[in-house]
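>>> Build me a model from this:
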Amino acid sequence: MNIIDELEWRGAINQQTAPEGLRDYVENHKISLYCGVDPTGDSLHIGHLIPFIMLKRFQLAGHRPVILIGGATGTIGDPSGKSEERQLQSLDKVNDNARKLSEQMKKLFLKDPEADFRMVNNYDWTKDISLLEFLRTAGKRFNVNTMLAKDIVASRLEVGISFTEFAYQILQSMDFLHLYQEEDVRLQIGGADQWGNITSGLDYIRKVEGPEAQAFGLTIPLMLKADGTKFGKTAGGAVWLDPEKTSPYEFYQFWVNQQDADVVKYLKYFTFLDQEEIANYAEKVANEPEKREAQKALAEEMTRFVHGEEGLKDALAITDALFKGDIKQLTAQQIEQGFGKMPGKTMPKQAANLAVWLVDSEVESSRRQSREDIQNGAIYINGERIQDLDYEISEADAIEGRYIVVRRGKKKYFLITLAD
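Numbers count the residues shown, from 1 in each chain. You can find the predicted model right below:
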């Protein structure tokens, strides 16, 4: 299957500059293509994944992707999708973010030495360009009227836009030209909000290289859920790829809790399962939605891709322990991952009467309520129901001598940390 046909089947194409020309080119050539990300933060989130997974699909189809880290453009800030001016970050912060994003990209896409992936940083070819050179070479080829008509600029004219952000599309165009000349890159991929920047780059290439220069642009659709709301956000904010920001367990839970109306679309967008496998899961969603097999497949594929087999193993272990109530099977590290954001308190290691200890640890509001809940079987220690009012809780109850997970009722969990 032509890679363009596959992307269309997956619903992953929003706009193309020359659809038939690109289809013909990838049919007859090994195309080099790129997608960039600016280091405005210290981690990628799942919204960033979509265009880079597109790069991976091209690579698997025999093409040559280039990942661009925007060490230069990140110092300025892309106005796309922003209703007001960005706050500039320090150069040290941008460089630190760029380093962290590069490490994430290496882990995701460059770990296989056989994969034909390259990674570049636009700071490398931008840092030595003087202001006069910029104005004489790039600036002279950009018409202000055309730039003002781009959605990314036009949407900001009423509230105002600085020359810095106004010039962003010139810098991104310079990237496309540089990669065209130095890496034979013929295609740029980006989110739907990047259409103006991408087409500016194509215009620049043709002004420099001639009108017959073969170069293309392609954007992916804005990812929305079935209810029309933006994909990728939770009550706690963005879903990050950094396990310190979003643990593998939380990451797994995000995917496994997707609605039936969205899950098949996400299997197409995010996973590398083939058409037959996804059709099989679509059938299961239609006929046996209660089994949530499609959601489990989505969660497993994505957690394995981002966090590896060990991350998936931890996520599945925590999920299974919570379902069965068997907390004792978890390691201290898994306890931190699964329960670290739940209410809790640090308590001394010395033994204490359970009813009193529950009040001191702020699980219960009073000793009367504590005793009542114990007698009624509403208190679980590491998944085991305790109904003995004389029970002495101690370090022996703690997982690896550190953590005690208390459950009150069906769903209220507390993580108690023991300390000397």
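
>>> Residue 65 belongs to a strand, doesn't it?
Yes - assessed by DSSP: H, G, I helix; E, B strand; the rest coil, residue 65 belongs to a strand.

>>> Could you check how many residues crowd around it?
Other residues within reach of residue 65, judged by other Cβ atoms under 10 Å, total 26. C-betas here are computed from N, CA, C, even on glycine.

>>> For it, give me its contacts.
By Cβ atoms under 8 Å, 6 or more residues apart in numbering, residue 65 lies in contact with 32-35, 55-56, 58-59, 109, 116-118.

>>> Tell me, what's the model's pLDDT at the closest residue to it other than its chain neighbours?
Distance criterion Cβ to Cβ, 6 or more residues apart in numbering; nearest residue to residue 65, sequence neighbours excluded, is residue 55 at 3.8 Å. At residue 55, the model reports a pLDDT of 94.

>>> which parts of the helix or strand residue 55 falls within are buried?
Using DSSP states H and E, residue 55 sits in helix 46-60. Across helix 46-60, burial judged by 16 or more other Cβ atoms under 10 Å covers 46-59.

>>> Dump the contacts of residue 65 to a markdown table, plus distance to residue 217.
Converted to a markdown table, these look like this (distance: Cβ to Cβ, whole Å):
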| residue | distance to residue 217 |
| --- | --- |
| 32 | 14 |
| 33 | 10 |
| 34 | 11 |
| 35 | 11 |
| 55 | 14 |
| 56 | 19 |
| 58 | 14 |
| 59 | 19 |
| 109 | 21 |
| 116 | 22 |
| 117 | 20 |
| 118 | 20 |
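
>>> With respect to residue 395, which of those is nearest?
residue 109 (45.0 Å; Cβ to Cβ).

>>> List the contacts of the nearest residue to the closest one once chain neighbours are set aside.
Leaving aside its sequence neighbours, residue 109 sits nearest to residue 117 (Cβ to Cβ, 6+ apart; 5.1 Å). When contacts are counted by Cβ under 8 Å, 6+ apart, residue 117 touches 55, 59, 65-67, 109-110.

>>> my guess is residue 204 meets residue 172, correct?
No - using Cβ atoms under 8 Å, residue 204 is not in contact with residue 172; the gap is 9.4 Å.

>>> Compare those two (neighbour count), which wins?
Taking neighbours as other Cβ under 10 Å, residue 204 and residue 172 compare with residue 172 leading, 29 against 23.

>>> Using the three-state scheme, assign that one.
Residue 172 ends up helix, using three-state DSSP.

>>> go on, residue 245?
coil.

>>> Contacts for the helix holding residue 55 next, please.
Residues contacting helix 46-60 (Cβ under 8 Å, 6+ apart): 3, 6-7, 12, 31, 33-35, 37, 64-65, 67, 105, 108-109, 115-117, 189-191, 220, 223, 231-232, 238-241, 254, 269-270, 272, 306.

>>> Next: stretch 144-152.
78-81, 153-154, 157, 166, 169, 193, 195-197, 200, 203.

>>> Would you mind checking those for buried ones?
By 16+ other Cβ under 10 Å, the contacts of stretch 144-152 give 78-80, 153, 166, 169, 193, 195-197, 200, 203 as buried.

>>> re the thing from before, for ChimeraX, write a command that selects the buried ones of the contacts of helix 46-60.
Selecting the buried subset of those in ChimeraX, with 16+ other Cβ under 10 Å as the burial test, is done by:
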select :3,6,7,12,31,33,34,35,37,64,65,67,105,108,109,117,189,190,191,220,223,231,232,238,239,240,241,254,269,270,306
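
>>> So which of the contacts of helix 46-60 belong to helices?
Judged by DSSP state H, helices contain the following of the contacts of helix 46-60: 3, 6-7, 105, 108-109, 254, 269-270, 306.

>>> and of those residues, the nearest to residue 123?
Closest to residue 123, out of all of the ones in helices among the contacts of helix 46-60 and judged by Cβ to Cβ, is residue 105, at 15.2 Å.

>>> ranges for the helices of the stretch 51-200 of the chain?
91-109, 123-126, 131-133, 144-149, 151-154, 163-166, 168-183, 195-209 (DSSP state H, counting those that start in this stretch).

>>> right, and those - which one's nearest residue 363?
helix 91-109 (37.7 Å).

>>> Now do that closest one against helix 46-60, angle only.
50 degrees (axes from the mean of the first three to the mean of the last three Cα atoms, to 10 degrees).

>>> by contact count, what packs against helix 91-109?
helix 46-60, strand 64-69, strand 118-121 (3 or more Cβ pairs under 8 Å, 6 or more residues apart in numbering; DSSP states H and E).

>>> Now with 10 Å, please.
Applying 3 or more Cβ pairs under 10 Å, 6 or more residues apart in numbering; DSSP states H and E, we find helix 91-109 packed against strand 32-37, helix 46-60, strand 64-69, strand 118-121, helix 123-126, helix 293-324.

>>> got CSV for those, with distance to residue 213 too?
Converted to CSV, the helices and strands packed on helix 91-109 look like this (distance: least, Cβ to Cβ, whole Å):
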stretch, distance to residue 213
strand 32-37, 14
helix 46-60, 20
strand 64-69, 18
strand 118-121, 20
helix 123-126, 19
helix 293-324, 35
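
>>> Quick check: buried residues in stretch 341-353?
In stretch 341-353, counting by 16+ other Cβ under 10 Å, buried: 344, 347, 352-353.

>>> got CSV for those residues, with secondary structure and distance to residue 277 too?
Compiled in CSV, the buried residues of stretch 341-353 are given as follows (DSSP: H, G, I helix; E, B strand; the rest coil; distance: Cβ to Cβ, whole Å):
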residue, secondary structure, distance to residue 277
344, strand, 41
347, strand, 49
352, strand, 54
353, strand, 55
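
>>> Pick the one among the buried residues of helix 46-60 closest to residue 339.
residue 46 (22.8 Å).

>>> if I look at that closest one, how far off is residue 33?
21 Å (Cβ to Cβ, to the nearest Å).

>>> same deal with residue 116?
Remark: distance between residue 116 and residue 33 (Cβ to Cβ) = 11 Å.

>>> Find the residues that touch each one of these two.
Residues touching both residue 116 and residue 33 by Cβ atoms under 10 Å, 6 or more residues apart in numbering: 58-59, 63-66.

>>> Same list (those) but as JSON lines, adding pLDDT and distance to residue 299.
Formatted as JSON lines, the shared contacts of residue 116 and residue 33 follow (pLDDT from 0 to 100; distance: Cβ to Cβ, whole Å):
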{"residue": "58", "pLDDT": "94", "distance to residue 299": "25"}
{"residue": "59", "pLDDT": "93", "distance to residue 299": "24"}
{"residue": "63", "pLDDT": "94", "distance to residue 299": "29"}
{"residue": "64", "pLDDT": "95", "distance to residue 299": "31"}
{"residue": "65", "pLDDT": "95", "distance to residue 299": "26"}
{"residue": "66", "pLDDT": "96", "distance to residue 299": "30"}
